[in-house]
Every structure is written in C-alpha cells, then in structure tokens.
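1. my questions are about this predicted structure, shown below with the sequence.
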Amino acid sequence: MKVIDTISQFRKEIKNYEHPIALVPTMGALHEGHLALVKEARKTAKTVIVSIFVNPIQFNNAVDLEKYPRTFHADSKLLTKEHCDILFYPSVDEMYPSKSELKIDFGYQNKHMEGKFRPGHFNGVGIVVAKLFNIIQPDLAFFGQKDLQQCIVIQQLVKELSFPIDIKIIETKREQSGLAMSSRNARLSEDARAVAPVLYMSLLSMAEGLKNNNFEETKAKSQELLSLTKQIKEEYIEVVEMESGKVVSKFEKGKKYGICIAAFVGNVRLIDNIIVDNE
C-alpha cells in the first residue's frame, strides 16, 4: 500500500493504476464498519483508495474537532491487511491552502435533522467530498448507511454537479449490543457505552409501531424509552422517505423509509438509523 500526502503526487501516481477505481472516504479511527466498505470496494474495483482526512470545515463544534480520534498508524496497518492500494492522507494545509470561501447550499437538507442541529455541516461535507472526487476521480465511492442523511446529500451533490461516479451505500455494521459502530464510540465512558444500545432499541421500537401508521404515538413511545436513562439526551427522531430524502409523518405502501435518530450519550453525540421497506 502506498501512502500519499499531496495532491500533485497523487495525480502523478494514479496514472499507474487500473480502472475501475473505488474511493472510500474516511476521517480515520477506522473500525469494522469502515473495513466493510473497503471489502465491498475490493470486490468491485481494480484499484481501492482510502482517504483519511479529519475535515475541519464540517465541524461546527471546535471541541468535537479537537477530540476526534486520530489513529493513523493503527489505521494504516488495518488498510494494509485489507489490500488497499493507496492511502491518501493529506494535511489540512494541503486540502485548504487558503481559507475556504465556497458555500454549497443543499436546500431542504440544511433545515432538517443534521442540517438543523449542525449548521454548516453539510457545506463542509459537500466541499471536501467534491474536492476528493476531483482529486481522485473514482468510478465508484463507498459510504456507510449510518450517516444516512450525509449519503442523501452526497447523492444530491453527484447528481447536480454531474460527477460520473456510482455511489454505493453499505449497511451499518453493529456491535454485538446493537450499537452502531462509530469512531466516536471510543470516547464513550463505560457507563455511557452500557446505555448507548438504547438508541438502536428505540429505532426498532419505532419501526414496529409505524406499521400501524400511528406516527405521534409511536414517536412518543420511542422518546419515552430514551428518557429512561439520564445519560441520553435526544436531539431528534425523524422518518425520512428514501426517494425524496424528506422528513414525513405518514407511511405509504411500496416505499422505503429511514428512521433516524441523534442523541448525546453522556457527552458524545451519536447518530443511527434503520431502513424500513413498507411493502
């Protein structure tokens, strides 16, 4: 595996690799969820590239950015075992040689769920992903379902900017407890980790209740489940229609929905979701 840390070096090196080229964008602190994306990419592509870059402009909380785990050496070893071809590991100065003034407005998505609670987040995501797509020019890019709204935003980005890239969304990997794998889990205290699986339990509860199309009652029961422990502070529970990416308040037959949650568990903010097919 080659480690490349500059854009110019990458552009020279990539000419020696075969298509199709797959990109797995990450912020590092890799876990089995990330490696599942690499494995899927390996099945499809001749060349697999993983990027590790903690993108400062997508953080609206300076403390969160500072505390985000950085484990490059461990990550590099994991990627070598997965036969990654290139690890693209640029510095902040390399990606942003001057202050980024560009703004990408994702419209509806900026006003709901992550867009509402993390102002400017999707602008930062959109800019860094567009830069990575431009630098690497992959044929495919792999993202995890755990960041469902981010996946919706990236699909919008690809469609509206006409990137010739096939976006692949891979199912969330979970710990034995049901807790969605996340780099942020490393920051959970022992007590917080013990109660964190309640997030997944609340999603399952809501999915079961929504079969009767009683949104308000079902949502209230899920929120009540979360409130049983003082360690969890819910920000939102919403249902998204997958095709449009919009928050809804009723089910329609023949459509797929994402039930999404965000909450602080202790002092760590976690998100999760499950997909429901209303056949």
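-> That came through fine. Numbering: from 1, shown residues only.

2. all contacts plus neighbour counts: C-alpha atoms, from now on.
-> OK.

3. chain neighbours aside, what residue packs nearest to Gly115?
-> Sequence neighbours aside, Gln109 is the residue nearest to Gly115 in space, at 5.8 Å (criterion: CA to CA, 6 or more residues apart in numbering).

4. how many other residues sit next to the residue lying closest to His19 once chain neighbours are set aside?
-> Excluding its sequence neighbours, the residue lying closest to His19 (CA to CA, 6+ apart) is Lys46, at 5.8 Å. A count of nearby residues for Lys46, using other CA atoms under 10 Å, gives 14.

5. could you do Lys2 as well?
-> Using other CA under 10 Å, Lys2 is surrounded by 14 other residues.

6. confirm the residue nearest to Gly115 sits in a helix?
-> Yes: using DSSP: H, G, I helix; E, B strand; the rest coil, the assignment for Gln109 is a helix.

7. picking up where we left off before, what sits against the residue nearest to His19?
-> When contacts are counted by CA atoms under 8 Å, 6 or more residues apart in numbering, Lys46 touches Glu18, His19, Pro20, Ile21, Ala22.

8. just Met113 next, same as before
-> Applying CA under 8 Å, 6+ apart, we find Met113 in contact with Tyr236, Glu238.

9. can you pull the pLDDT of it?
-> The confidence metric pLDDT takes the value 97 at Met113.

10. equivalent analysis for His83, please.
-> On the pLDDT scale, His83 is placed at 96.

11. count of residues packed around it?
-> 15.

12. surely it meets Met1?
-> Yes: the pair His83 / Met1 is scored as a contact, 7.0 Å apart, by CA atoms under 8 Å.

13. okay, now Val38: neighbour count?
-> By the criterion of other CA under 10 Å, Val38 has 24 neighbours.

14. can you tell me how far the residue nearest to Gly115 is from Phe122?
-> Plainly put, Gln109 is 8 Å away from Phe122 if you go by CA to CA, to the nearest Å.

15. same check, this time on His73
-> 28 Å.

16. higher neighbour count, these two?
-> Counted by other CA under 10 Å, His73 and Phe122 do not tie: Phe122 has more neighbours, with 25 against 9.

17. just say helix, strand or coil for that one.
-> Three-state call for Phe122 (three-state DSSP): helix.
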